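# just coords:
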């Protein structure tokens, strides 16, 4: 009777029993008892968890087996029986008779892989059903907006997908794939491994913006960080990099409206001062330049979302749709501190920012594109040093930004600080690559034309050591 009460499951509210296979579940458990060393490895690789079993008695037995496996202990009918006795679960499954039946119903462990796959597939179907029910309840009960609810629903379904893609890549396959990449570099003679920023001096250190990486560009206000990131987005979208191939770019502008951002990009491309244009102090020559710039930029594959106050989960959903619909190859976010996380907002700004930062890194890996994020710096550089040179610890609100980022660049302009030794150089802009997980760090020197909000390469862009190589301080993690 005890066994019947544990094995029974209520049917769904539609009157249908959720997808499962008791025979396959028994086959997996019986195979473990017959050949634990091989079958437990199969189960772990297929990500079979106690929740993967529909029948509660099977779930209890597998949990005991998993505990024994984690302790590197032998798994057989005696050890499992002892484990269940100590946990108080032996009687609830029907005693040792239940375990004997598992072995009797599994004549051989040779088909364990087949049984495990059936269990995995049925669990996946039940997970989809569960997510669909939660989505329905959210639509009826949630007080949040429809866009935010949709983002969370999409993320819940995506979490199911991510759990199914955890198979280990064979070492030989990893070596083969890496060698193919190396051979391609040798054949093409192009060392750039990521998307070119369009700035030769910056590419020398970064080797491009790499897929799956989170790149943070941080600065104090009015240093030109939005201008620099928009210049990079324009270069990528127009194919001004090393490979000369235009690439779709998705931009999330939480600070500036699309009118202001497009106006800035047009004036920058046309080299027409936006301040003069706003005051009406430009002539026909400027009109011709702006018309030509509009013609060029209108063909650029740029997708702009200027929704303010986005929740990070909603932004991930929008980026996911951009990737699916437009195959974007770079995501730009202006800027991190304007994102929100309704789930963590009440736990303080530091915890909220840490959650947002972690989600941006996860988004880069999920979409397999570089995510270029702008971030504010605290006032510490100005209070600590009259030259205003920032440090990684100056990243505002949370140290998690420094931890999650693969690359952190600090932008400063010496002309903004009267006591800087280079304060007379009005066009100099310094991008300090302070963290580079997979390469060297160092300073990159660019020219910034304030009137046109335009950055350009400087003749001697990278501070060089004797011998011509940039200073390499590779971070090993």
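Nice, I can see it. Only a predicted model underlies this, so the values are computations on that prediction, with no experimental measurement involved.

# for the protein, what's the longest helix?
helix 112-141 (DSSP state H).

# mean confidence score for the next helix-or-strand element following that helix?
Going down the chain from helix 112-141, the next helix or strand is helix 146-164, by DSSP states H and E. Computed over helix 146-164, the mean pLDDT rounds to 74.

# in helix 146-164, which residues are buried?
Under the neighbour-count criterion of 16 or more other C-beta atoms under 10 Å, helix 146-164 has 148-156 buried. C-beta here means a position set from N, CA and C on the backbone, and glycine is covered the same way.

# and the next helix or strand past the helix or strand encompassing residue 177?
Using DSSP H and E, residue 177 maps to helix 171-188. Next in sequence after helix 171-188, counting helices and strands by DSSP H and E, comes helix 200-206.

# let me see the mean pLDDT of that following helix.
Per-residue pLDDT over helix 200-206 has a mean of 86.

# likewise stretch 212-231?
Per-residue pLDDT values across stretch 212-231 average out to 88.

# could I get the buried residue list for that stretch?
Judged by neighbour count (16+ other C-beta under 10 Å), stretch 212-231 contains these buried residues: 212-220, 223-231.

# gap between residue 291 and residue 313?
41 Å (C-beta to C-beta, to the nearest Å).

# okay, those two: which has more neighbours?
Neighbour totals were compared for residue 291 and residue 313, and residue 313 leads with 25 against 11 (other C-beta atoms under 10 Å).

# what's the helix or strand where that one lies packed up against?
Assessed by DSSP H and E, residue 313 sits inside helix 312-326. Secondary-structure packing of helix 312-326 (3 or more C-beta pairs under 8 Å, 6 or more residues apart in numbering; DSSP states H and E): helix 146-164, strand 249-253, strand 302-305, strand 330-334, helix 349-367.

# what's the mean pLDDT across it?
Here the average pLDDT along helix 312-326 is 84.

# how close does residue 41 sit to residue 35?
On the measure of C-beta to C-beta, residue 41 and residue 35 end up 10 Å apart.

# compare the two (neighbour count), which wins?
Between residue 41 and residue 35, residue 35 has the larger neighbour count (other C-beta under 10 Å), namely 17 against 12.

# now do the contacts for the residue nearest to the more buried one when sequence neighbours are not counted.
Spatially, and ignoring its direct neighbours in sequence, residue 35 is nearest to residue 109 (3.9 Å; C-beta to C-beta, 6 or more residues apart in numbering). Residue 109 makes contact with 30-32, 34-35, 38-39 under the criterion C-beta atoms under 8 Å, 6 or more residues apart in numbering.

# quick one, phi/psi of residue 109?
Backbone torsions for residue 109, taken as degrees, to the nearest 10, come to phi -90, psi 10.

# for it, give me the pLDDT.
86.

# what does residue 17 give?
pLDDT for residue 17: 86.

# wait, a helix at it?
No: per DSSP: H, G, I helix; E, B strand; the rest coil, residue 17 lies outside any helix segment and is coil.

# how near is it to residue 200?
For residue 17, the distance to residue 200 equals 64 Å [C-beta to C-beta].

# which one's more surrounded, the two?
Between residue 17 and residue 200, counted using other C-beta under 10 Å, residue 200 has the larger neighbour count: 15 against 11.
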